[in-house]
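Engineer: this one's sequence-less:
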């Protein structure tokens, strides 16, 4: 009995029989599965017991590896090595660049607080610039050497090109409260802590005042944009 053809399933006679890929083929049926080009025993490429030409031979992109105990051990070892390398690289580059921080509720609260502080500093700097630009010409002031801050970017101490002469406070002066902390830069200035109550306040000019810190009992000059009336 003649076997069936692997292509057309018709009987294959011995004169035209090709035995390949565990099947029998007619010579005319032994062709590429894609382009139907006739193949021979020297030109075919077999894939899943089907003939293909060199052009249309399936190219596998990956190889499936059996999960044997040895392969699983190697896989686990590779993962451990990758984690060790990642940790080493992370420690090496710590602090050198920007890192993505998880957007947790705590981080959102910190970010909001930082934004509020930045806005306050921006408005303070804007008000200082406006006061310096709108200040009237000095009259009857005691001039001293120009005082520059140690750090041009530092905001805690205002830049002053002249110092007003201290004026003794009068009884029944205005009361002010410190909005921000201020470190005295000169001996005749008053240091402030946020929330301090300032008594007997007298306005020297648009930039400076004279008063007494109720908390410390210290009298002297203080920046006007660091306090507000009570």
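Structural biologist: Yep, it's here. All figures in this text were calculated on a predicted structure; none of them were measured in a lab.
Engineer: okay, CA-based contacts and neighbour counts for the rest of this
Structural biologist: OK.
Engineer: What is the neighbour count of residue 125?
Structural biologist: Residue 125 has 15 neighbouring residues, counting by other CA atoms under 10 Å.
Engineer: gap between the two ends of stretch 183-190?
Structural biologist: End-to-end distance for stretch 183-190, by CA to CA, to the nearest Å: 8 Å.
Engineer: Any buried residues in it, and which?
Structural biologist: For stretch 183-190, burial by neighbour count (16 or more other CA atoms under 10 Å) applies to 184, 189, 190.
Engineer: Spatially nearest residue to the last one (excluding sequence neighbours)?
Structural biologist: Residue nearest to residue 190 in three dimensions, not counting chain neighbours: residue 220, with 5.2 Å by CA to CA, 6 or more residues apart in numbering.
Engineer: ok so that neighbour is a strand residue?
Structural biologist: Yes. Assessed with DSSP: H, G, I helix; E, B strand; the rest coil, residue 220 lies in a strand.
Engineer: residues touching it, list them.
Structural biologist: Contacts for residue 220 (CA atoms under 8 Å, 6 or more residues apart in numbering) come out as 166, 188, 189, 190, 210, 211, 212.
Engineer: would you turn these into JSON lines with pLDDT?
Structural biologist: Output for the contacts of residue 220, formatted as JSON lines (pLDDT from 0 to 100):
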{"residue": "166", "pLDDT": "48"}
{"residue": "188", "pLDDT": "88"}
{"residue": "189", "pLDDT": "91"}
{"residue": "190", "pLDDT": "91"}
{"residue": "210", "pLDDT": "92"}
{"residue": "211", "pLDDT": "93"}
{"residue": "212", "pLDDT": "94"}
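Engineer: No more questions from me, cheers.
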